[in-house]
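1. Take this sequence and fold it.
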Amino acid sequence: MKIAVFSAQPYDRRFFDEALPTYTEAGALELIYFTEVLGMHSASLAAGCGAVCVFVNDKLDAPVLDALAALGVRAVLLRCAGFNNLDTASAARLGLFVARVPAYSPEAVAEHTLALILTLNRHTHRAWLRVRDGNFSLDGLLGSNLHGRTVGLVGLGKIGVAAARIFKGFGCTILGYDPHLPEQFNSLGTAVSLHELLAASDYVSLHCPLTPDTRHLIDANTLGGMKRGAMLINTSRGGLIDTAAVIEALKSRQLGALAIDVYEQENELFFHDRSADIIGDDVFQRLMTFPNVLVTGHQGFFTIEAMREIAQVTLRNLACFMTQQPCPNRVAGPE
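-> Residues are numbered from 1 along each chain as shown. Predicted coordinates for the structure are as follows:
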């Protein structure tokens, strides 16, 4: 079977090629890598392939899925946990097998969350630039302790719980909000309402999926309910935040700082070198003017351990499809 791998980067090739020999017993497999993002303009690249392998910014709406099915594609392999970019109803209608990687090294994203907070807290990104220029002045680099502060975690899945363990180790008070509270959080922090969490937290970190109910969870109203001067961190999905409202909160000083690894319109920017381009996204460019804003390009997942697990689980899902075995990671498809 041929598998079309969209949005493929050199590191995807490295880890998939490393894992592939283990799964060849399911049948002859050939991975065909495309740097193009999957959409109507690129769906034809999957001609002759029985499956496609996609990432967070690939488009899997009804027209794209119809086009893929018409080409003979029978399986969609998501090498990520979220599937908000997938029309699940259309996938089921077409009888497509769809599977994801529900959890890959949750510590990777949780640790990146910590890295963002510590960087903004202690201005290490600015200090690094100063020292490179021979400037060893400390003026303007005054930081604050994380120890003793209150961290509010919105979303208590595997990543949220991993983050709770980390921040508890730093001596923080942990508040958590999740409609489905996991038992393991009980020993780590206190479950509260979203309203209580926002009002009491010095740091609010988002770790929830993007659904119609959570889209723009952080808007003008919820920002107004946050503790004045608090830091907001998002390493989950860009659509959780109303970016325009966040900019206004930064301007009014209601929001003290912002750290994001995801952005609502990131599909036009992230995972590509845009250093020689004129970036036309005025909202993103406005964000970049704030000295108290830190942006990374969706790299929270990007560790050796996580990449290895993504490749292995994705190929395991494919093996389930090819051998018609039950797949615990299936999102949609025929019984």
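2. What residues of the lengthiest helix in the chain count as buried?
-> Identified as the longest helix of the chain according to DSSP state H is helix 304-323. For helix 304-323, a neighbour-count test (16 or more other Cβ atoms under 10 Å) marks 306-322 as buried. Just so you know, the C-beta spots here come from the backbone N, C-alpha and C atoms, and that holds for glycine as well.
3. residues making contact with it?
-> With contact meaning Cβ atoms under 8 Å, 6 or more residues apart in numbering, helix 304-323 is reached by 1, 3, 11-12, 14-16, 18-20, 22-23, 25-27, 29, 51, 53, 74-75, 77-80, 97, 99-101, 104-105, 108, 301, 325-327, 329-330.
4. Of those residues, which belong to strands?
-> 3, 51, 53, 75, 77-78, 97, 99, 330 (DSSP state E).
5. which one of these sits closest to D139?
-> L78 (48.1 Å; Cβ to Cβ).
6. which residue packs closest to the closest one, ignoring adjacent ones?
-> Nearest residue to L78, sequence neighbours excluded (Cβ to Cβ, 6 or more residues apart in numbering): R100, at 4.0 Å.
7. Likewise for C208?
-> With Cβ to Cβ, 6+ apart, the residue lying closest to C208 is G155, at 3.1 Å.
8. For that neighbour, list the residues it contacts.
-> By Cβ under 8 Å, 6+ apart, the neighbours of G155 are 177-178, 206-209, 236.
9. could you check the distance from the closest residue in space to S42 that isn't next to it in sequence over to R13?
-> Leaving aside its chain neighbours, S42 sits nearest to E36 (4.3 Å; criterion: Cβ to Cβ, 6+ apart). Going from E36 to R13 by Cβ to Cβ, to the nearest Å gives 15 Å.
10. next one: A67
-> For A67, the distance to R13 - Cβ to Cβ - is 25 Å.
11. Which one's more surrounded, these two?
-> A67 (17 against 14; other Cβ atoms under 10 Å).
12. Do I have it right that L217 meets V154?
-> Yes - contact criterion Cβ atoms under 8 Å: L217 and V154 qualify, at 7.3 Å.
13. Now T303: phi and psi?
-> phi -130, psi 160 (degrees, to the nearest 10).
14. Pull the number of nearby residues for it.
-> 17.
15. Is it correct that it is in contact with A108?
-> Yes - in terms of Cβ under 8 Å, T303 counts as a neighbour of A108; the distance is 4.3 Å.
16. So the residue nearest to L78 versus V331, what's the distance?
-> From R100 to V331 the distance is 5 Å (Cβ to Cβ).
17. okay, those two: which has more neighbours?
-> Legend: neighbour count by other Cβ under 10 Å for R100 and V331, higher for R100 (23 against 19).
18. so what's the more buried one up against?
-> Contacts of R100 (Cβ under 8 Å, 6+ apart): 78, 80-83, 317, 329, 331.
19. give me phi/psi at the closest residue to A200 other than its chain neighbours?
-> With sequence-adjacent residues excluded and distances taken as Cβ to Cβ, 6+ apart, A200 is closest to T150, at 5.8 Å. When quoted as degrees, to the nearest 10, the phi and psi of T150 stand at phi -100, psi 130.
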